[in-house]
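Undergrad: I would like the atomic coordinates for the input below:
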Amino acid sequence: MIMVSVPGIVAKRWSKATRKWAEDKRGLAIVEFALVAGPFFFLIFGLLEICMVFIMTSVMEYGAAEASRLIRTGQFHERDVVDEEQFRNEICDNAFGMLPCDSGKIRVDISRFTNFSGVTSSSPITNGNYDSSNFGMDIGNGGDIILVRVFYEWSLITPVLSRPLANVGNDKRLLQATVVFRNEPF
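TA: Numbers count the residues shown, from 1 in each chain. As a prediction, this is how the structure comes out:
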C-alpha cells in the first residue's frame, strides 16, 4: 500500500481512511466478474456459433454425398423427371431433419466435366452477395466427371457477436458441400 503524506491535522485521518478503504474486500468478486464476463460470454457464444456452423456443414456434406450416390450409380437417371427439387429432397432425407428444407434456402449446382483436372468451382459470393443464377443441373452420362455443389444460407444465431463469421450480407453464412466423382458406366 502506498502511503500518501498529507501535512497537518488531516494526515492521520486521511491515512486511516485510505488504509481502511484499501483493505476492504467486499464486492471484489462482483467487480472481477464484471471485468471478465464480457470476454467470457463473447468466447462462449462465439464457440457455440462455430460449432453450429461446423455441425450443419457436416450434416449437409453427408446429405450431399448420399444424394450424389444416386447420380453416380445411375439411379437418378432412371427417373422420369430429373430436377433440382428431387435432388434437394434426397439431401433433406439424409440430413437427419436438421436442415429446414421447406424454406427453399438449399441451392444445388451440378456440372459435368471431361476430366478431373478440368474441374473448377467458383464462389457464388460476389461483393458479399449470394448469386445462384448461374447454377445448373447437368447430371451427365456414364463415365462423366460430375461436380455437385450444395449451398445453404445459415442465419447466424448471435448476429452481432458472430459478424466476423458472416460471408453473405444480413448476418448470414453460406455453407457449402462439394462432391466430385465419376459416374459409373451405366
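Undergrad: residue 79 and residue 86 touch, don't they?
TA: Yes - if you go by CB atoms under 8 Å, residue 79 and residue 86 touch, sitting 6.9 Å apart. Bear in mind the C-beta positions are built from the backbone N, C-alpha and C, glycine included.
Undergrad: looking at these two, which one has more neighbours?
TA: residue 86 (14 against 10; other CB atoms under 10 Å).
Undergrad: what about the more buried one, distance to residue 158?
TA: 35 Å (CB to CB, to the nearest Å).
Undergrad: how about residue 123?
TA: 25 Å.
Undergrad: please say which of those two ends up with more neighbours.
TA: Using other CB under 10 Å as the criterion, residue 123 and residue 158 rank with residue 158 on top: 17 against 10.
Undergrad: please name the nearest non-neighbouring residue to that one.
TA: Excluding its sequence neighbours, the residue lying closest to residue 158 (CB to CB, 6 or more residues apart in numbering) is residue 45, at 4.8 Å.
Undergrad: regarding that neighbour, what is its secondary structure?
TA: Per DSSP: H, G, I helix; E, B strand; the rest coil, the local secondary structure of residue 45 is helix.
Undergrad: state the number of residues packed around it.
TA: 15.
Undergrad: with the one 5 residues further on instead?
TA: Around residue 50 sit 12 other residues, with neighbours defined as other CB under 10 Å.
Undergrad: noted, bye for now.
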